[in-house]
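**Student:** Build me a structure from this.
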Amino acid sequence: MRQVAQRPRTRIALGVAALLIIAFAAVIFYIFGGNGAKSSSGPVAAPTLAPSGGTGIVFTIDASASRATFSIDEVLFGQPNTVVGQTSAVAGQIRVDSADPSKSQVGQIKIDLSALTTDNDLRTRTLQNRILETGDPSNQFATFTSKTVTGLPAGVAIGQAVPLTITGDLTIHGATRTVTFNATVTLVSATQLKGQATATVKYADFGLAIPDVPSVTSVGDTVKLTLSFTAKA
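**Tutor:** Numbers count the residues shown, from 1 in each chain. Reported below is the predicted structural model:
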């Protein structure tokens, strides 16, 4: 009789365990499932600058010596934490006209978001699958198209760091917003250009949302974007 009485309890326990497993699987799918990143097909290709007919030199970003990063603050397990993602899958061109710096140009900058990684594989999968949704080809790349460049000097000297303000259209996740980057560019030599540009944006402005995770109690509203680059003539 005791064994007969225990059978319903056993069945109930198994049923509860099955429900817990299903619920756990649903949570895992919500966090890590979705439209994930596909393997990058190769180097990023950005539109090239058209010939100007002047004295300007076109410098092409060297992906192997360049890096695009984002950083965002959160509270993880009750402690402040900064999440950093990065990729070297960057392309673009910059024209420097030493004779008439006002004619210098910044071409379109293109970044393969599906190559972004963080310090944690699970976090990276969440970033790719649930936030950026880079498995959708229309979300794979971020682009920045410069509209205005202010702060160009009257002359360009090798080794001189030039602070610039670059405003243009930033497109991420199918949304385009006007963003201003604060940049510093240095003509290292006649064949090499280095620089860094930063901007702070609200990720919600680009239709991005961060899923709730039990270990994270809060996430900042803004994300810092940085491009550190080396370009060669």
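
**Student:** and after the helix or strand of the chain with the lowest mean pLDDT, which helix or strand comes next?
**Tutor:** Every helix and strand of the chain was ranked by mean pLDDT, DSSP states H and E. The lowest is helix 2-32, at a mean of 43. Downstream of helix 2-32, the first helix or strand assigned by DSSP states H and E is strand 57-61.

**Student:** Now tell me what touches that next one from outside.
**Tutor:** By C-beta atoms under 8 Å, 6 or more residues apart in numbering, the list of residues contacting strand 57-61 from outside reads 48-49, 90-98, 109, 190, 192-193, 229-233. For the C-beta atoms, the positions are set from N, CA and C on the backbone; glycine is no exception.

**Student:** Give me the subset of the residues you listed lying in strands.
**Tutor:** For the contacts of strand 57-61, membership in strands holds for 90-91, 93-96, 109, 192-193, 229-232, with DSSP state E as the criterion.

**Student:** which one among those residues gets closest to T167?
**Tutor:** I109 (13.2 Å; C-beta to C-beta).

**Student:** Can you tell me the closest non-neighbouring residue to the closest one?
**Tutor:** Using C-beta to C-beta, 6 or more residues apart in numbering and skipping the chain neighbours, the partner closest in space to I109 is G92 (4.0 Å).

**Student:** Contact partners for that neighbour?
**Tutor:** A46, T60, I61, V106, G107, Q108, I109, K110, F229, A231.

**Student:** Show me the shaky parts of this protein.
**Tutor:** In the predicted model, the chain carries pLDDT under 70 at residues 1-42, 51-54.

**Student:** follow-up on the earlier one: filter the contacts of strand 57-61 down to just the buried residues.
**Tutor:** Burial by neighbour count, 16 or more other C-beta atoms under 10 Å: within the contacts of strand 57-61 this picks out 49, 90-97, 109, 192-193, 229-231.

**Student:** of all the residues you listed, which comes closest to R125?
**Tutor:** V90 (22.0 Å).

**Student:** distance of that closest one from S64?
**Tutor:** Distance from V90 to S64, counting by C-beta to C-beta, to the nearest Å: 10 Å.
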